[in-house]
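Participant: Let me see the structure of the following:
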Amino acid sequence: MKNIDLARDAAVRIVYRVLREGAYSNIAMKEELDKGKLVRLDKALVTEIVNGTLRNLTRIDWIMSRFIKMKRIDPWIEDIIRCGIYQILFLDRVPDSAVCNESAELARKHGHEGAVKFVNGVLRNISRSKESLEYPDKSKDADGYLSVFYSHPLWIVRKWIKDYGMEFTENLLIANNEKPPFTIRCNRLRINKKELMAILSEEGIECTDGSYNAEAVHIRETSSIEEKESFIMGYYQVQDESSMLVAHIVDPKPREKILDICSAPGGKTTHMAELMDNKGEIAARDIHKHKLRLVEENCLRLGVNIVRTELRDAMKIDEGSVEKFDKVLLDAPCSGLGVMRRKPDLRWKKEPDNFKELAKMQSRMLKIASGYVKPGGKLIYSTCTINRTENIDIVREFLSYNKEYRLDSIIGQLPENLVCESAYQGFLELYPNIHGTDGFFIAKMEKR
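Facilitator: Numbers count the residues shown, from 1 in each chain. Predicted coordinates for the structure are as follows:
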C-alpha cells in the first residue's frame with residue numbers, strides 16, 4: 001500500500017465523525033490536530049478541506065448525484081469522494097490528478113480494491129466536467145438554486161428570502177461561505193494595543209486594527225493560538241467584533257453591580273470587567289459547572305478579579321436577586337445562525353421546528369432576567385443568530401407585556417460606522433454580508 005496522505009486522511013476522518021456520528025466539527029478538528037502528527041501546513045490543509053467540504057455539502061452532493069447512480073455507497077467512500085470533489089472544485093494549489101490519486105489511496109485504506117477504481121473514476125470524470133457542471137435553473141427555481149449552489153438547507157433559504165428578500169439572502173449565503181476574520185480583543189487590564197501588536201509581530205503573527213472596536217485586532221489565523229506566550233500571559237481574548245459590541249452597549253461603569261446570566265465561556269463577562277477597570281462586581285452564571293470553569297480560567301488568565309461565578313438555571317427565578325443589579329445581560333441560547341461561517345456543520349444540525357421551542361425559552365429567560373434589574377437600571381438582550389423570531393420579535397413581545405420597560409437608545413455606545421436608525425431606537429442587527437462580523441442582535445432596554 002502506498003503511503004497515505006496524513007492530512008487528507010485526517011480530514012476524511014473528521015468529516016465522517018461530523019456527518020455520521022454527530023460530532024461538532026470544531027471539537028473533532030481540535031482532537032485530531034492535537035494528536036501532533038501533522039506539521040503546520042498539513043494542519044492548514046486539514047482545516048481547509050473539512051470546513052470547505054462541510055460548507056459546500058449540498059453542492060458537492062448535487063454534483064455527486066450527477067455522476068453516481070448507485071442508491072447506496074459505503075459511508076467512508078462517500079466521504080472520501082466528498083472531500084475529493086471539494087478539492088477539485090475549490091482548491092487550485094493541488095492538481096486534480098493528485099487529488100484523484102490520493103483519494104484512491106484513501107479508498108484502499110477505508111474500503112476495498114473495487115472502491116479504489118470507483119473513487120478514481122468518479123473524481124476523474126468530475127474533474128473533466130467541472131467547467132460544464134449544471135445546477136438548478138435560477139430563473140425557474142431560485143430557492144433551489146440558492147440552496148444547492150451556496151449549500152444551505154432549503155428551509156433556511158426560504159426563511160431568509162421571506163424576511164430579507166432575494167438579493168440580500170444571496171449575499172448573506174455568499175458571506176456565510178467565506179472564511180471569517182480571526183479577531184482578538186486586547187486585554188487593556190494587562191497591556192495596551194500598540195504593545196500587544198508589537199508582541200504579536202515578534203511571535204510571527206500578522207495583525208491589523210479591527211473595524212469597530214478600539215480593542216479589536218484582526219490577525220492572520222495562526223494554529224495553536226492558545227500555546228502562544230502572549231495568550232498565556234492574558235494579553236488578549238479570542239472574540240469576534242460583534243460579541244465585543246455587547247459589552248460596550250451594556251456600558252458597565254466602575255463599582256456597578258452587573259449580572260451576566262448565560263456567561264460561559266466568559267468573553268463578554270471579562271470584557272465588561274475590563275471596561276469597569278476591574279472595579280465593582282459581576283455575577284457570572286451558567287447552568288453547567290464545566291462551563292463556569294471556563295469563565296474562571298479566563299478570568300484568572302486575564303487578571304480579572306471582580307467576577308463571582310454562580311451555578312444557576314436561567315429558567316428558574318432567583319428570589320434573592322430581584323432588583324439587585326444595575327445592569328443585566330442575557331446573551332440568550334439561540335439557533336446560532338449568525339455563526340455558520342465559523343461552524344459550517346451548524347447548518348446541517350438545525351431544524352425549522354427548533355425555533356418555536358427556542359423562542360419560548362428565550363421569552364421566559366428575558367421575563368425572569370427583567371426582574372433582577374433595579375428601577376432605572378438596564379436590561380440587555382443579545383443573540384448570535386439571524387432570525388427575527390429569536391431577536392426583535394422576542395423584544396417586542398416582551399415590551400408589549402412589560403410596560404415598565406422601554407427600548408433605550410444605544411447611540412454613544414457605538415462607533416460612527418455602525419450608527420443606524422435602529423440604534424436610535426435601542427437595538428442593533430449585524431450581518432456577515434454587510435458588516436463583516438458574525439450575525440448578531442443586541443437590544444438595550446431601560447427599567448423606568
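
Participant: Can you spell out which helices and strands pack onto the helix or strand where residue 330 lies?
Facilitator: In the assignment (DSSP states H and E), residue 330 maps to strand 325-331. Here strand 325-331 touches helix 241-250, strand 257-260, helix 267-275, helix 354-370, strand 373-383, going by 3 or more Cβ pairs under 8 Å, 6 or more residues apart in numbering; DSSP states H and E. Using the backbone N, CA and C atoms, a C-beta is placed for each residue, glycine as well.

Participant: Can I get the third one as CSV, trimmed to CA atoms?
Facilitator: Yep, that's helix 267-275 we're talking about. Below are the C-alpha coordinates for helix 267-275, written out as CSV (Å, rounded to 0.1, in the frame of the first residue of the first chain):
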residue,chain,number,x,y,z
GLY,A,267,-15.7,36.6,26.7
LYS,A,268,-18.4,39.3,27.4
THR,A,269,-18.0,38.8,31.2
THR,A,270,-14.3,39.6,31.2
HIS,A,271,-14.8,42.4,28.6
MET,A,272,-17.3,44.1,31.0
ALA,A,273,-14.8,43.7,33.9
GLU,A,274,-12.1,45.4,31.7
LEU,A,275,-14.5,48.3,30.9
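
Participant: pLDDT below threshold where in the stretch 151-300 of the chain?
Facilitator: 221-223 (pLDDT under 70).

Participant: try 90 this time
Facilitator: Within the stretch 151-300 of the chain, the segments meeting pLDDT under 90 span 179-181, 204, 220-227.

Participant: With the stretch 1-150 of the chain instead?
Facilitator: Ranges of the stretch 1-150 of the chain meeting pLDDT under 90: 1-6, 26, 30, 32-44, 69-72, 92-94, 111-114.

Participant: Please enumerate the helices of it.
Facilitator: According to DSSP state H, counting those that start in this stretch, the stretch 1-150 of the chain carries its helices in the segments 6-21, 25-33, 40-55, 57-67, 75-90, 96-110, 113-129, 142-149.

Participant: And residue 170, how far from residue 311?
Facilitator: 44 Å (Cβ to Cβ, to the nearest Å).

Participant: Can you pick out the residue with more neighbours from those two?
Facilitator: The residue with more neighbours, out of residue 170 and residue 311, is residue 170; 20 against 11, by other Cβ atoms under 10 Å.

Participant: Tell me the secondary structure at the more buried one.
Facilitator: helix (DSSP: H, G, I helix; E, B strand; the rest coil).

Participant: so it makes contact with residue 146?
Facilitator: Yes. Assessed by Cβ atoms under 8 Å, residue 170 is found in contact with residue 146 at 6.0 Å.

Participant: Who are the contact partners of the closest residue to residue 362 other than its chain neighbours?
Facilitator: Spatial nearest neighbour of residue 362, chain neighbours left out: residue 332 (4.8 Å); criterion: Cβ to Cβ, 6 or more residues apart in numbering. Neighbouring residues of residue 332 by Cβ atoms under 8 Å, 6 or more residues apart in numbering: 262, 361-362, 365-366, 381-383, 390.

Participant: Quick check: the farthest pair among those?
Facilitator: Spatial extent of the contacts of residue 332 (Cβ to Cβ) is set by the pair 361 and 382 at 15.0 Å.

Participant: more neighbours, the two?
Facilitator: residue 382 (26 against 16).

Participant: Could you report the pLDDT at the more buried one?
Facilitator: On the pLDDT scale, residue 382 is placed at 98.

Participant: Bridged to it, which residues?
Facilitator: When assigned by DSSP bridges, residue 382 has beta-bridge partners residue 331, residue 442.

Participant: quick one: it and residue 197, what's the gap?
Facilitator: Applying Cβ to Cβ to residue 382 and residue 197 gives a distance of 28 Å.

Participant: For residue 206, see how far away the residue lying closest to residue 298 once chain neighbours are set aside is.
Facilitator: What sits nearest to residue 298 in space, not counting adjacent residues and going by Cβ to Cβ, 6+ apart, is residue 266, at 4.1 Å. According to Cβ to Cβ, residue 266 and residue 206 sit 27 Å apart.

Participant: More neighbours: which of these two?
Facilitator: The residue with more neighbours, out of residue 266 and residue 206, is residue 266; 28 against 12, by other Cβ under 10 Å.

Participant: got the contact list for the residue lying closest to residue 117 once chain neighbours are set aside?
Facilitator: Spatially, and ignoring its direct neighbours in sequence, residue 117 is nearest to residue 104 (7.8 Å; Cβ to Cβ, 6+ apart). By Cβ under 8 Å, 6+ apart, the contact set of residue 104 is 116-117, 119-120, 123.

Participant: of all the residues you listed, which comes closest to residue 51?
Facilitator: residue 123 (20.0 Å).

Participant: So the closest one sits against residue 102, correct?
Facilitator: No. Applying Cβ under 8 Å as the test, residue 123 and residue 102 come out as separate, 9.9 Å apart.

Participant: Thanks a lot, see you next time.
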